[in-house]
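# Below are the sequence and a predicted model for it; my questions follow.
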Amino acid sequence: METKTMDNFADKLQKRIDQLGNPTCIGLDPMLSYLPPSLLKEYDCAQEEGIYQALSHFCCDLLVAVADLVPAVKPQMAYFEQYGLGGMRALRAIIAKARSLNMLVILDGKRNDIGSTAAAYSRAYLSADDRPDDAGETTRKLDSGVRLPNEISAKQSSAKDTVLNDHAIESFLTADALTVNAYLGLDGIQPFLEQCRANGKGIFALCRTSNPSAGDLQDLELADGRLVYEAMADLIATWGQDLIGETGISSVGAVVGATWPQQARSLRKRMPHNFFLIPGFGAQGASARDAIAGFNHDGGAAIVNASRSLMLAWKKQGKDHEAYAEACRLEAISMRDALRSALGR
C-alpha cells in the first residue's frame, strides 16, 4: 500500500478530529422555513439577492458558532440548488467561510455518472483549490466572490485573443471531499479517484444508507451469498487502498447510516481502513451508541453528521429565535459529549 503525506484528505480530517476531540460534522440543509423570523423579515426572499443574503447569513452564523468545536461541515447541495442562483451563491459563500474558519468541507452531492460525465463532476468539485489559467494567472480564491461571465475581462472572453482549454476556468464549488453514488461501478468512480490522488481530496461512497427503504436494494442477496451493500463495501475497500495515509485511513470513505448499527459493525470488518461518514444521528433517530458502531478499534476513522438537530436547535431548546447560533453551539457541545461518552472518553 502506498502511504501519502498530509495532502491526504483522510489524514487532514482525522488529525483535525483529534485536535478538537470531536468526531462530528455539521450538516447544512437549509430551507427558508428553517430561518428565524428576524432573518426572513430582514431579507426579501422572493428575490435572488434576498435568498443569497438570508441563507448566507444564517449558515455562516452557525459555522462561526461551532468552528472551534466541529472539524467539518457538510452542505447538502440540493437544498441550495432548489433556490436557484441565489442558493448557489450562498453555497459558494458558505464554502469560503468554512475554509476561512479552518473547517473541512464535505460537499454532499451524491454525484456520479460514467466516463467523461463522471470526469466532469470530479473536476467540478475535487479540483485543486487554485489553478493557473492559460494566460498563466492564478485563478482567484474561493472567498473572493463568484466570477460570473460578465466579470471576465474582455481579453479573456474574446475568442480572438484567448483560447481556454476545457479545464482552465476555476471550479465554482471546490470542496475537500464529495459524496458519490458508487453503484455504477469502477468506471464511474475512477475519475474521482484520480482527483483524490492529484489534489489531496476525498470521496464518501454510498454503501449502507440511513433511509428506511435502503434495504429494498441494499439487502438483496447475490449469487455468492453476499448482500449488495457488502459487495459495495468490498469494492470501496479495494478502491481506497492506494489512498491510505499516515493515519492508516483511506481518503476513499463510505456512507454508513447510524440507523443500522449492526450492519455498521460488520462493515467495519470489511473496510478496516476506510473513513465512515455516518448520517442519521439526531433528527433521524439514531443515538450516540448507534452512531459509534462504525468507528474503528481506536475510536476513529469515522465522522458523525447532524443537520436539522443543529440547525433548528433554537426551536428544540425553546430559545428566542435571535439566539439560533448560540443554540446551535450548545447542541453541538451536547452531541460531542454524547459521542465522547459512548466512546468511553
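Looks like it came in fine. Residues are numbered from 1 along each chain as shown.
# Going by C-alpha atoms from here, please, whenever you check contacts or count neighbours.
OK.
# just the helices in the stretch 101-250 of the chain please.
115-126, 154-157, 186-199, 215-218, 228-239 (DSSP state H, counting those that start in this stretch).
# could you dump the ones you listed to CSV with mean pLDDT?
Below are those laid out as CSV (pLDDT from 0 to 100):
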stretch, mean pLDDT
helix 115-126, 95
helix 154-157, 39
helix 186-199, 96
helix 215-218, 94
helix 228-239, 98
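# Would you confirm that residue 93 contacts residue 58?
No. Using Cα atoms under 8 Å, residue 93 makes no contact with residue 58, being 11.5 Å away.
# For residue 288, which residues are in contact?
If a contact means Cα atoms under 8 Å, 6 or more residues apart in numbering, then residue 288 has 281, 335, 338-339, 342 as its contacts.
# Can you tell me which of the residues you listed has the lowest confidence score?
Least confident by pLDDT among the contacts of residue 288: that is residue 281, with 88.
# Disregarding residues adjacent in the polypeptide, which is nearest to it?
In this structure, residue 281 finds its nearest non-sequential neighbour in residue 306, 5.7 Å apart by Cα to Cα, 6 or more residues apart in numbering.
# count of neighbours near the one you found?
By other Cα atoms under 10 Å, 24 other residues sit near residue 306.
# Tell me how far it lies from residue 71.
13 Å (Cα to Cα, to the nearest Å).
# Reformat the helices of the stretch 101-250 of the chain as JSON lines; add distance to residue 25.
Output for the helices of the stretch 101-250 of the chain, formatted as JSON lines (distance: least, Cα to Cα, whole Å):
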{"stretch": "helix 115-126", "distance to residue 25": "19"}
{"stretch": "helix 154-157", "distance to residue 25": "39"}
{"stretch": "helix 186-199", "distance to residue 25": "20"}
{"stretch": "helix 215-218", "distance to residue 25": "25"}
{"stretch": "helix 228-239", "distance to residue 25": "22"}
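# Could you export those helices as CSV, including distance to residue 43 and mean neighbour count?
Shown next, in CSV, are these (distance: least, Cα to Cα, whole Å; neighbours: other Cα atoms under 10 Å):
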stretch, distance to residue 43, mean neighbour count
helix 115-126, 29, 19
helix 154-157, 34, 12
helix 186-199, 38, 20
helix 215-218, 42, 13
helix 228-239, 44, 20
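# Tell me which of those helices lies nearest to residue 251.
helix 186-199 (7.5 Å; Cα to Cα).
# Next, the angle from that closest one to helix 115-126.
40 degrees (axes from the mean of the first three to the mean of the last three Cα atoms, to 10 degrees).
# Can you tell me what sits against helix 186-199?
Looking at what lies outside helix 186-199 - Cα under 8 Å, 6+ apart - the contacts are 7, 112-115, 118-119, 122-123, 126-128, 182, 201-203, 239, 243, 251-252.
# what about 6 Å?
113-114, 118-119, 122, 126, 128, 202 (Cα atoms under 6 Å, 6 or more residues apart in numbering).
# With respect to residue 317, which of those is nearest?
residue 202 (35.0 Å).
# surely that closest one meets residue 7?
No. At 10.4 Å, residue 202 does not count as touching residue 7 under the criterion of Cα atoms under 6 Å.
# all strands of the protein, in order?
24-28, 72-75, 104-111, 177-180, 202-208, 250-256, 274-278, 302-306 (DSSP state E).
# Figure out which of the ones you listed is closest to residue 231.
Nearest of the strands of the chain (Cα to Cα): strand 202-208, 9.1 Å.
# who has more neighbours, residue 202 and residue 7?
residue 202 (29 against 15).
# Now tabulate the contacts of helix 186-199 in TSV and tack on distance to residue 213.
Putting those into TSV (distance: Cα to Cα, whole Å) gives the following:
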residue	distance to residue 213
113	23
114	25
118	26
119	30
122	28
126	30
128	37
202	27
